[in-house]
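K.L.:
with the input below, show me the fold.
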Amino acid sequence: MGFIQGYDPDTLREIVDRTEIYERLVEVSPQRSFTAQLEQVWLLKVLGELEEALQVSEHAVRLARMSGTRRDLLHARILHATVNQNRGAYTTAEAELTTCVEEAEGQGWRRISALAHSHRGKTRYDAGDYDGARADFKRELFLRQEMGADDEQLEITMTAIEAAERRRAESRGVAVG
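P.N.:
Numbers count the residues shown, from 1 in each chain. Got it, this is the predicted structure:
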């Protein structure tokens with residue numbers, strides 16, 4: 001999504017222009033397509049409208065189950081899990097993302113697997129599991145390198161790895177340079 005201006009190096013959250021996000025939400029809200037529903041979830045999530053994002057994400061998951069592909073369902077479930085992550089429901093989010101990782105890896109869907117690893121890593125990071133976060137980010141990096149991702153995407157992933165390593169060291173009382 002072109003609305004992301006960067007990522008906070010400490011929280012790993014998207015940095016966005018809230019006005020642009022809100023304007024896009026007004027545009028996309030009347031639309032009922034699956035893609036529009038997923039976009040609404042993301043827009044609501046980054047605006048902090050988490051209860052509404054949860055409702056729309058649950059609807060998108062149901063819609064994907066009824067009429068979408070397995071890939072559609074995985075995308076909807078990953079986004080649903082990120083809403084739960086932002087709500088602080090880390091255990092629920094991690095469990096959902098783990099099943100998404102397993103299915104994507106089992107199907108050989110590297111792009112979806114990388115996305116699921118990225119979000120599970122962020123969930124673990126928020127929950128204070130820095131070893132788990134680092135492992136997920138490293139797996140994401142490997143998958144993205146294997147797919148030939150651009151330098152910008154690889155840099156975002158490497159920043160997440162560094163953040164997890166920094167937090168891990170801080171949590172163990174090790175001085176960080």
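
K.L.:
pull the lowest-mean-pLDDT helix or strand in the chain out as PDB, backbone CA atoms only.
P.N.:
Lowest on mean pLDDT, DSSP states H and E among the helices and strands of the chain sits strand 4-7, with a mean of 92. Taking C-alpha atoms only, strand 4-7 is exported to PDB below (Å, rounded to 0.1, in the frame of the first residue of the first chain):
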ATOM      1  CA  ILE A   4       3.200   3.800   4.300                       C
ATOM      2  CA  GLN A   5       5.900   6.400   4.700                       C
ATOM      3  CA  GLY A   6       8.200   4.200   6.800                       C
ATOM      4  CA  TYR A   7       8.300   2.100   9.900                       C
END
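
K.L.:
rounded mean pLDDT for the next helix-or-strand element following it, please.
P.N.:
Remark: after strand 4-7, the chain's next helix or strand is strand 14-16, criterion DSSP states H and E. Strand 14-16 shows an average pLDDT of 95 in the prediction.

K.L.:
next, the buried residues of the longest helix along the chain.
P.N.:
Scanning the chain for the longest helix, with DSSP state H as the assignment, gives helix 151-171. Neighbour-count burial for helix 151-171, with 16 or more other C-beta atoms under 10 Å as criterion, is recorded at 156-157, 159-161, 163-168. All C-beta atoms are positioned from the backbone trio N, CA, C, and that covers glycine.

K.L.:
okay, residue 120: pLDDT?
P.N.:
Residue 120 is assigned a predicted lDDT (pLDDT) of 98.

K.L.:
just confirm it is within a strand.
P.N.:
No. According to DSSP: H, G, I helix; E, B strand; the rest coil, residue 120 belongs to no strand; its state is helix.

K.L.:
got the contact list for it?
P.N.:
When contacts are counted by C-beta atoms under 8 Å, 6 or more residues apart in numbering, residue 120 touches 81, 93-94, 97-98, 100-101, 132, 136.

K.L.:
same question for residue 82.
P.N.:
By C-beta under 8 Å, 6+ apart, the neighbours of residue 82 are 45, 93, 119, 122-123.

K.L.:
quick one: it from residue 171, how far?
P.N.:
Distance, residue 82 to residue 171, using C-beta to C-beta, to the nearest Å: 23 Å.

K.L.:
check residue 74 too.
P.N.:
According to C-beta to C-beta, residue 74 stands 32 Å off from residue 171.

K.L.:
coming back round to it: just the buried ones from the contacts of residue 120?
P.N.:
81, 93-94, 97, 100-101, 132, 136.

K.L.:
of the residues you listed, which is the nearest to residue 29?
P.N.:
residue 81 (22.3 Å; C-beta to C-beta).
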